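Undergrad: I'd like to go over a predicted model; first the sequence, then the structure.
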Amino acid sequence: MSRSGAVIVHNDADVLAEAVAARLLNRLADAQAHRGEASIVLTGGRIAAKVYQNILGSPIRTVVDWSKVDFWWGDERFLPSGDPERNETQAREAFLDHLPVDPARVHPMAASDAVATPEAAAELYAAELGPQVPAFDLLLLGIGEDGHVASLFPGNPALEAEGAVVGVRNSPKPPPERVSLTMSAINGATAAWIIASGEGKAEAVDEALSKGELPAGRVKAVGHTRWLIDKDAASHLKHLEF
Ligand SMILES: O=C(O)[C@H](O)[C@@H](O)[C@H](O)[C@H](O)COP(=O)(O)O
C-alpha cells in the first residue's frame, strides 16, 4: 500500500475491494457509536459490486447494526424495477438482501415502470431526501474512463444542475436515461470515497487529481474526499512512488 495525502493505493482490485469493505464497515460502526445510526450512499459499477460482495463476506460485518443504516443511491440507471442492470438490483443481490437491514431505511430511486421520466424520478427522490439533504456519513463513487462520477458526465447539462437530484439524458454510458445526485448534494456528504480499479481509469484519475475539471475532480466532500484505487488506476500519477 502507498499513501499520498488523500490517495491510497492498493496492489490490485481484490485487495482494494477488501480494504474498502473493511474501512466502510468501520466507518459505519463509528457513526453508529456517535449517533446510534449511520447513512451511506451506494454507487453502481464493477468495483463497487466487488466491495459489496466483500462486505457480505467480511468476518467483521457484525460491527455494524444493519437495521440502523440508511441506504441511499448516488445514481441509478432508469430501467424497470428488478432489471439486473439497475444499481439497486445489484446492491440488493450482492449484500442488502442478505443482511438484516430495515426495509424502511433502504431508499432506491424510482424505476422506469413506476414513473414516466427520469426527471419525475429525480423529483421523487429529492422529496424523499427532504428539504435538507442529509450529510451522509459515507458516499461511494466509482469513476468512468471519461471522469464521470455517479451519473454526472463531462459536458452533460446534469453536471451543472441545481437542487439535489437530477434526471439525466443522453448518458454516453448505457442506459442513456439515468437519475443522479447533483454535485452539490454529493459535496454535502461528510465523506466521499472515489474507488477506481484498472488501467482504463488511470488517465481520468490523473487528470481529475491534477486539474480538477472533470466531474471526479470536482468532488469535495465537507469532511474528507479520499481516493481508494489500485496500482493500475494509479499508474499515471506521476507524484506517487511505488
Ligand atoms: O451506474 C453507474 O454506472 C455508475 O454509478 C457509475 O458512475 C460507475 O460507478 C462508474 O461508471 C464506474 O463503473 P465501473 O466500476 O464498472 O467501471
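TA: Yep, it's here.

Undergrad: residues from the chain in reach of the ligand?
TA: 43-48, 75, 77, 87, 142-144, 148-150, 173 (C-beta under 6 Å from any ligand atom). Bear in mind the C-beta positions are built from the backbone N, C-alpha and C, glycine included.

Undergrad: from those residues, list just the buried residues.
TA: Neighbour counting over the residues of the chain next to the ligand (16 or more other C-beta atoms under 10 Å) leaves 43-45, 47-48, 75, 77, 87, 142-144, 148-150 as the buried ones.

Undergrad: what is the neighbour count of the nearest residue to Glu213 once chain neighbours are set aside?
TA: Of all residues not flanking Glu213 in the chain, Glu207 sits nearest, at 7.6 Å (C-beta to C-beta, 6 or more residues apart in numbering). Residues within reach of Glu207, counting by other C-beta atoms under 10 Å, total 17.

Undergrad: for Glu207, give its distance to Lys238.
TA: 12 Å (C-beta to C-beta, to the nearest Å).

Undergrad: over to Glu213?
TA: 18 Å.

Undergrad: next, count neighbours for the residue nearest to Lys68 when sequence neighbours are not counted.
TA: Excluding its sequence neighbours, the residue lying closest to Lys68 (C-beta to C-beta, 6+ apart) is Glu37, at 4.4 Å. Here the number of neighbours of Glu37 (other C-beta under 10 Å) works out to 16.

Undergrad: for Gly163, give me its contacts.
TA: Counting by C-beta atoms under 8 Å, 6 or more residues apart in numbering, Gly163 touches Ala126, Thr182.

Undergrad: give me the below-cutoff pLDDT ranges for this structure.
TA: Scanning the chain for pLDDT under 70 picks out 1-5, 239-242.
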